[in-house]
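[1] Predicted coordinates and the sequence they were generated for:
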Amino acid sequence: MGRRLALLIAAVLVAALGTSLVFAYVKNADNRAIADQKPVNVLVAKTTIAPGTRVTDAANAGAFQTKELPQSAVPVGALSSIDPIKDQVALTTIFPGQQLLAGMFGATAAANGSIAIPPGQIAASFAFGDPQRVAGFIQPGSSVAIFLTSSLQAGVQSTRILLPKVTVIAVGPTTITPPANASQANPESPPRAMLTLALTQHQAEQLIFASSQGQMYLGLLNDKSKITPGPGVNAQNVFA
């Protein structure tokens with residue numbers, strides 16, 4: 001009887017130890033997963049912030065909140081505090097859920113009360129679907145490369161870089177673009193967002209023409225992105 005009791009106690013202790021080891025392993029695995037994602041704190045808008053709104057006024061009104069996000073989901077220029085912009089105003093409309101970027105703020109609001117256009121450039125807007133605008137990760141202040149798929153080169157459909165780098169100065173609104181024939185309207189048509197870009201006159205002419213000749217696709221850039229203009233890719237060299 002004594003031996004059975006001893007064996008039973010030993011079994012209970014082993015089971016408890018095993019449970020503790022499993023718990024510790026799972027906890028360490030969770031910690032490792034979080035560490036691998038390199039979480040960082042970023043400021044996110046809680047409410048819509050109109051152009052010309054002072055940062056300090058928006059902060060006092062509770063328009064900002066801090067969120068912890070994986071570093072891979074945080075664009076260049078994202079802010080973790082209002083200190084660098086506390087004396088500035090919003091240059092464009094900032095929507096709830098948007099990460100706050102340094103490029104969204106400046107010393108004064110735009111003269112037209114909506115967007116700030118860099119000196120010497122013009123603003124032009126174009127509609128893009130979710131995949132074409134990097135699934136919504138593009139925000140005011142982002143730098144993007146623009147690709148065009150068309151048959152403009154010797155009648156052969158190809159994809160090549162059109163503009164290696166332009167700046168996004170406004171995002172929105174999101175709309176549903178109906179087909180030319182209303183009878184073919186599809187209620188499941190994907191939403192398209194209007195992106196406003198800062199462009200030279202020639203760049204605007206390129207994009208306006210390109211938008212009627214094929215499909216434009218955006219690539220989100222960071223400070224280390226490398227874009228090299230070239231002949232592009234077509235059916236003859238896509239597998240090269």
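    Ah, there it is.
[2] okay, and for the chain, where does confidence drop off?
    Low-confidence segments of the chain (pLDDT under 70): 1-37, 107-115, 173-192.
[3] tally of neighbours for Ser142?
    24 (other C-beta atoms under 10 Å). For every residue, glycine as well, the C-beta is placed using N, CA and C.
[4] Identify the residue nearest it in space, chain neighbours excluded?
    Take Ser142 and drop its neighbours on the chain: the residue closest to it by C-beta to C-beta, 6 or more residues apart in numbering is Val168, 4.6 Å away.
[5] so which helix or strand takes in the one you found?
    strand 156-176 (DSSP states H and E).
[6] Buried residues of stretch 133-144, list them for me.
    By 16 or more other C-beta atoms under 10 Å, the buried positions in stretch 133-144 come out as 133-134, 138-144.
[7] Quick check: chain neighbours aside, which residue is closest to the residue nearest the centre of the chain?
    Centrality entry for the chain: nearest residue to the mean C-alpha point is Phe137, 1.3 Å, by C-alpha atoms, centre = their mean. Of all residues not flanking Phe137 in the chain, Leu220 sits nearest, at 5.9 Å (C-beta to C-beta, 6+ apart).
[8] Tell me who's in contact with Pro164.
    Applying C-beta atoms under 8 Å, 6 or more residues apart in numbering, we find Pro164 in contact with 145, 227, 229.
[9] Nearest to Asn41 among those residues?
    Distance to Asn41, by C-beta to C-beta, is smallest for Ala145 among these, at 28.7 Å.
[10] So what sits opposite that closest one in the bridge?
    Counting by DSSP bridges, Ala145 is bridged to Gly219.
[11] Direction included, what does the strand or helix carrying Ala123 pair against?
    Element membership for Ala123 (DSSP H and E) is strand 122-129. In the sheet, strand 122-129 lines up against strand 191-199 (antiparallel) (DSSP bridges).
[12] returning to what we had before: just the ones of the buried residues of stretch 133-144 in helices?
    Of the positions in the buried residues of stretch 133-144, not one sits in helices, assigned by DSSP state H.
[13] Include distance to Val76 when you put those residues into CSV, please.
    Conversion of these to CSV gives the following (distance: C-beta to C-beta, whole Å):
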residue, distance to Val76
Arg133, 17
Val134, 13
Ile138, 12
Gln139, 11
Pro140, 13
Gly141, 9
Ser142, 8
Ser143, 8
Val144, 12
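[14] about what we covered before: tell me the spacing between the residue nearest to Ser142 and Met104.
    10 Å (C-beta to C-beta, to the nearest Å).
[15] give the contact list for the closest residue to Thr149 other than its chain neighbours.
    Nearest residue to Thr149 in three dimensions, chain neighbours excluded: Thr159, at 4.4 Å (C-beta to C-beta, 6+ apart). By C-beta under 8 Å, 6+ apart, the residues touching Thr159 are 147-149, 217, 232-234.
[16] Tell me what Ala124 is bridged to.
    The partner residues for Ala124, given DSSP bridges, come to Leu197.
[17] now the strands for this structure?
    Per DSSP state E, the chain carries strands over the ranges 39-45, 64-70, 89-90, 105-106, 122-129, 143-153, 156-176, 191-199, 214-221, 233-234.
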